[in-house]
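> everything below, folded, please.
(2 chains)
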Amino acid sequence: MTDKDAILAQFFEHQEPPAYDATFVASALTRAQRKRNASAVLLWLGVGSLIAMVLAFAGPQIGSAYTAMAPAVAPIAVIATVLFMTRRLLWARA
Amino acid sequence: MISDADASLVEAARAGDHGAFARLVQRHQQGVRGFLRRSCGDFSEADDLAQETFLSAWERLAQFRGESSLRSWLCGIAWRKLLASRRSVNRARARDTAYHDLSEGGGALEPAMRVALAKALSALPLDQRACVAMCLAAGYSHSEAAQALEMPLGTVKSHVLRGRERLLAALGDDNDR
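Predicted structure coming up:
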């Protein structure tokens, strides 16, 4: 390595950010969290729209199917459906 | 190849562990920001792009197959972010003020030398600058840089060689290469 290479190395070294930067990490995490929340909202809006569409077309038939179930089975079916739909969200939060 | 520490953090982050992602950011922020600072010249723009890089990495962790080191994979994302920002009209103003930061904080270096190097670095074409930033400044191998920057190996080698020559030439005529 020549003197000039050493100067160059010194020049590059002083552009190096600190090895530990809590502000940067916190900011990156906040942005990631915000993005994730925005994605979750969009996902729920999409899922909600889909459910509304399905209910609009097949609501009466689905209602009849639940009515036809035994009184104890219908809530279990509803809870199972909700848990199935939110499993990813619950898993991520755990 | 990916290190064991990175592999376990990536695995945990993929499962939604924010703490693991925070540790990944902490481990690699210096490398990614350093690469961007040298490649784009504007420290605040570089840090902004670094944030976007980690955001993209967070979303694309599932696509990371561990064939390269995590650090060079992140630099690849950072490089594409930088190219995209250069194409954006909104960043034009930031480009005009680029390299002001490079002449700051040069430590023990003489100010004239620092300014000369900053000017020489800013005069390099973007591709060449990125190769110099990865190989000369951050110590990546030519093949790692070629993979991260998606450039042929020969191109990277020639960029590094020419970039180094131009930077050393900026230090004056008493050439001791």
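> so where is the chain shaky, pLDDT-wise?
In the absence of a named chain, this looks at chain A. By pLDDT under 70, the weakly predicted segments of chain A are A:1, A:89-94.
> should've been chain B
Scanning chain B for pLDDT under 70 picks out B:1, B:89-108, B:173-177.
> work out for me the element the residue nearest the centre of it sits within.
Residue closest to the average C-alpha location in chain B (Cα atoms, centre = their mean): B:Phe35, at 2.0 Å. In this assignment (DSSP states H and E), B:Phe35 forms part of helix B:18-40.
> check A:Ala56 too.
helix A:22-68.
> just the buried positions in the next helix or strand after that helix, please.
Remark: after helix A:22-68, the chain's next helix or strand is helix A:73-93, criterion DSSP H and E. Using 16 or more other Cβ atoms under 10 Å in any protein chain shown as the burial criterion, none of the residues of helix A:73-93 qualify. The C-beta positions use only the backbone N, C-alpha and C, and glycine is treated the same way.
> list the helices and strands helix A:73-93 packs on?
Packing partners of helix A:73-93 (3 or more Cβ pairs under 8 Å, 6 or more residues apart in numbering or on different chains; DSSP states H and E): helix A:22-68.
> does the helix it packs on reach chain B?
Yes: for helix A:22-68, a contact with chain B is found by Cβ under 8 Å from any Cβ of the partner chain, at A:Phe24, A:Val25, A:Ser27, A:Ala28, A:Leu29, A:Arg31, A:Ala32, A:Gln33, A:Lys35, A:Arg36.
> can you give me the neighbour number for the last one?
When you say that, I think you mean A:Arg36. 16 (other Cβ atoms under 10 Å in any protein chain shown).
> contact partners for it?
By Cβ atoms under 8 Å, 6 or more residues apart in numbering or on different chains, the residues touching A:Arg36 are B:Trp58.
> measure how the helix holding A:Ala56 sits relative to helix A:73-93, angle-wise.
Relative orientation of helix A:22-68 versus helix A:73-93 (axes from the mean of the first three to the mean of the last three Cα atoms, to 10 degrees): 170 degrees.
> show me how far helix A:22-68 is from its chain's centre.
On the basis of Cα atoms, centre = their mean, to the nearest Å, helix A:22-68 sits 10 Å off its chain's mean C-alpha point.
> ok so, going back, most neighbours out of the residues of helix A:22-68 next to chain B, which is it?
Each of these was scored for neighbours by other Cβ under 10 Å, and A:Ala28 scores highest at 26 neighbours.
> for that one, give me its contacts.
By Cβ under 8 Å, 6+ apart, the residues touching A:Ala28 are B:Val25, B:Gln29, B:Ala50, B:Gln51, B:Phe54, B:Leu55.
> hmm, try it at 6 Å
Contacts here follow Cβ atoms under 6 Å, 6 or more residues apart in numbering or on different chains; on that basis A:Ala28 touches B:Val25, B:Gln51, B:Phe54.
> most surrounded residue in the residues you listed?
Neighbour tally across these (other Cβ under 10 Å): the maximum, 27 neighbours, falls on B:Val25.
> so it touches B:Gln51, yeah?
No: at 9.4 Å, B:Val25 does not count as touching B:Gln51 under the criterion of Cβ atoms under 6 Å.
> in stretch B:47-63, what's buried?
For stretch B:47-63, by 16+ other Cβ under 10 Å, it's B:47-58, B:61.
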